[in-house]
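Engineer: A structural model of the following input is requested.
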Amino acid sequence: GNRQEHQGCRARCILPIPVQLDHEILTLSSFPRRCAAYSVGRAATRDFPVFIQPNKGAHEVSQSNTSTLSAGAAPVPSQLSPSKAKRNRLSAGFFRFLIVRLLLIIPTVFILVTVVFFVMRATGDPISAALGGRLNPAELHRRIHAAGYDRPLIVQYGDYLVKLLHGDLGTTLTDNQPVSQILLRYGAATLELSVLSLIVALLVGIVLGRLAAKYRDHLADAGIRVFAILCYATPVFFLGLVLKLVFSVWLGVLPASGRSSLESEMQFGRLVSPTGLYIVDALQLGDMSVLSDVLKHAILPSLALGLLTAGVFIRLVRTNVISTYTSGYVEAARSRGVSERRLLSKHAWRPALIPIITVMGMQIAMMLAGAVLTETTFEWKGLGFILADYLKKRDFVAVQGIVILIAVIVSLVNFIVDVVSALLDPRVRY
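Structural biologist: Below you'll find the model as predicted:
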């Protein structure tokens, strides 16, 4: 007489009516362990273990933190408090995962340094490659001996690693400048271009990807997918040339090359401590005309490089949002009367964000590779521009330093992405 069946549900639940038991614990193994309780406009399904304790005055339904089941209501699963959940995520296993991921950067950079070192010397010593046609044989031999490039290759490699551990990346052969100064001077330009391009890629990729998922298999979806394929398949230098032709030559509304005009460059010379990031330097000057000039010069390179990555983000966002949009918990929210707009913006979007963050690390590496062609096309004097210049001059010492810096940046970005994904995704185990 203590059982009641819910309407539309074949499972039977225990009402909280006091009973007297002669034994310690009665396990209700004969009752269904899955109960579906239906209320107005809502369906909820929960798994819960059922047991009865004596001298409690009621049948109690408990999980790890003992939640009670009232008559006519679905059992609510226990949840950890936010502070306790945060402590569980930041456990010893998480910090062990953090340390392992951080240590993996070392062999990654070491392998890349080794490959670059031996590949660069496959055609001979760097001095002969860079200055062989401009020096007489005696002077060339003297310079090779002074630099130690006539020693065995394994000895040169060991010496290079020792210098690298002390932060000495060497001196360029063609203009006799420390490689570290080259990286500081041109690295800020590449960083600025990469950040602006990533903003373009995220804005275009997320907005169009969500629209394509919302209007799945409609005309808008087909058009967005074609646009994504074109963005991904078009070479970045060709897209850059098209943008220059349209906006600089035909319309004449945007500059075709450079980071700023000559007047702005002269204004930057007044700064006591310039950062190399022209947007930040323009804000330091407080001159809106300089800031406007810098932004105009950055639009076309950022679009060319950002649209290349946006094509990947569009397809990724569309696929993941469609996958979560048709999942069970979204259908349950829809049955409760949640609007389609809220379903898309909250219920389906947040789980779809985790794979996007994961792929973002790989796309940043691709973006740095595309920066070489983008900076060359728009004469944006960053690491990609100077790397192409040193490759033409066959200055292998400078090339090695630039490649090492790019490898470290990519490794650090992937490390950050792994950590963020581990914090956001509860499926990640340490």
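Engineer: residues in contact with the residue most central in space within the chain?
Structural biologist: The centre of the chain sits closest to residue 360, judged by CA atoms, centre = their mean, with a distance of 2.7 Å. Contact partners of residue 360, counting by CB atoms under 8 Å, 6 or more residues apart in numbering, are residue 417. Just so you know, the C-beta spots here come from the backbone N, C-alpha and C atoms, and that holds for glycine as well.
Engineer: Are we agreed that it is in a helix?
Structural biologist: Yes. Under DSSP: H, G, I helix; E, B strand; the rest coil, residue 360 sits within a helix.
Engineer: Give me the pLDDT for it.
Structural biologist: Model confidence at residue 360, expressed as pLDDT, equals 77.
Engineer: That one and residue 184: what is the separation?
Structural biologist: Per CB to CB, to the nearest Å, residue 360 is found 26 Å from residue 184.
Engineer: for residue 134, same thing?
Structural biologist: Distance from residue 134 to residue 184, counting by CB to CB: 28 Å.
Engineer: And residue 401, by the same measure?
Structural biologist: To residue 184, residue 401 is 11 Å away according to CB to CB.
Engineer: more crowded one of these two?
Structural biologist: Shown here are residue 401 and residue 184; by other CB atoms under 10 Å, residue 401 has more neighbours (26 against 12).
Engineer: Go through the longest helix belonging to the chain and flag the buried ones.
Structural biologist: With secondary structure taken from DSSP state H, the chain has its longest helix at helix 288-325. The neighbour-count check on helix 288-325 (16 or more other CB atoms under 10 Å) flags 290-291, 293-294, 297-318, 320-322, 324-325 as buried.
Engineer: wait, isn't residue 240 in contact with residue 302?
Structural biologist: No. Judged on CB atoms under 8 Å, residue 240 makes no contact with residue 302 at a distance of 10.8 Å.
Engineer: So for stretch 338-352, mean pLDDT?
Structural biologist: Mean pLDDT, computed over stretch 338-352, is 80.
Engineer: Which residues does that stretch contact?
Structural biologist: Stretch 338-352 is contacted from outside by 210, 213-214, 317, 320-321, 323-325, 327, 329-330, 333-334, using CB under 8 Å, 6+ apart.
Engineer: Show me which of those residues is closest to residue 191.
Structural biologist: residue 317 (25.3 Å; CB to CB).
Engineer: I'd like to know how many residues surround residue 220.
Structural biologist: With other CB under 10 Å as criterion, residue 220 counts 14.
Engineer: which ones are touching the closest residue to it other than its chain neighbours?
Structural biologist: The shortest distance from residue 220 to any non-neighbouring residue, by CB to CB, 6 or more residues apart in numbering, is to residue 211 (6.3 Å). Residues near residue 211 by CB under 8 Å, 6+ apart: 220-221, 224.
Engineer: likewise residue 201?
Structural biologist: Residue 201 neighbours (CB under 8 Å, 6+ apart): 306-310, 313, 363, 367.
Engineer: now do 10 Å
Structural biologist: Contacts for residue 201 (CB atoms under 10 Å, 6 or more residues apart in numbering) come out as 231, 302, 305-314, 360, 363-364, 367.
Engineer: my read: residue 249 touches residue 256, true?
Structural biologist: Yes. With contact defined as CB atoms under 10 Å, residue 249 counts as touching residue 256 (7.4 Å).
Engineer: Tell me which of the two has more neighbours.
Structural biologist: Taking other CB under 10 Å, residue 249 and residue 256 do not tie; residue 256 has more neighbours (17 against 9).
Engineer: Nearest residue to the more buried one in space, please, no chain neighbours.
Structural biologist: residue 248 is the one closest to residue 256 (CB to CB, 6+ apart), at 3.8 Å.
Engineer: cool, residue 378 as well?
Structural biologist: Using CB to CB, 6+ apart, the closest residue to residue 378 is residue 301 (4.5 Å).
Engineer: Relative to residue 107, how far out is that neighbour?
Structural biologist: Residue 301 is 34 Å from residue 107, by CB to CB.
Engineer: So residue 149: helix, strand or coil?
Structural biologist: Using three-state DSSP, the structure places residue 149 in coil.
Engineer: residues near the nearest residue to it once chain neighbours are set aside, how many?
Structural biologist: Nearest residue to residue 149 in three dimensions, chain neighbours excluded: residue 125, at 3.8 Å (CB to CB, 6+ apart). For residue 125, the count of nearby residues is 21 (other CB under 10 Å).
Engineer: In contact with residue 125, which residues?
Structural biologist: Each residue near residue 125 by CB under 10 Å, 6+ apart is listed here: 132, 140, 143-144, 147-151, 153, 156, 396.
Engineer: Now do the contacts for residue 414.
Structural biologist: Contacts of residue 414 (CB under 10 Å, 6+ apart): 101, 104-105, 108, 358, 360-362, 364-365.
Engineer: so how far is residue 358 from it?
Structural biologist: For residue 414, the distance to residue 358 - CB to CB - is 10 Å.
Engineer: any shared contact partners between those two?
Structural biologist: By CB under 10 Å, 6+ apart, no residue touches both residue 414 and residue 358.
Engineer: so where's the stretch 101-250 of the chain shaky on pLDDT?
Structural biologist: By pLDDT under 70, the weakly predicted segments of the stretch 101-250 of the chain are 132-133.
Engineer: Now the phi/psi pair for residue 352, please.
Structural biologist: For residue 352, the backbone dihedrals are phi -70, psi -10 (criterion: degrees, to the nearest 10).
Engineer: Name the nearest residue to it, sequence neighbours excluded.
Structural biologist: Nearest residue to residue 352, sequence neighbours excluded (CB to CB, 6+ apart): residue 320, at 3.7 Å.
Engineer: so who does that neighbour touch?
Structural biologist: Residue 320 neighbours (CB under 10 Å, 6+ apart): 209, 213, 348-349, 351-356, 359.
Engineer: Narrow these to those in helices?
Structural biologist: In this view, the contacts of residue 320 that belong to helices under DSSP H are 209, 213, 349, 351-356, 359.
Engineer: coming back round to it: any chance of CSV for the contacts of residue 125, columns distance to residue 172 and neighbour count?
Structural biologist: Formatted as CSV, the contacts of residue 125 follow (distance: CB to CB, whole Å; neighbours: other CB atoms under 10 Å):
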residue, distance to residue 172, neighbour count
132, 16, 13
140, 17, 17
143, 14, 16
144, 16, 19
147, 12, 17
148, 16, 12
149, 15, 16
150, 20, 11
151, 21, 14
153, 21, 12
156, 17, 17
396, 10, 25
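Engineer: Out of these, flag the one nearest to residue 409.
Structural biologist: Nearest to residue 409 among these: residue 396, at 20.3 Å, using CB to CB.
Engineer: ok so, going back, for the residue nearest to residue 378, what are its contacts?
Structural biologist: Contacts of residue 301 (CB under 10 Å, 6+ apart): 192-193, 196-197, 236, 240, 243-244, 257-259, 371, 374-375, 377-380, 382.
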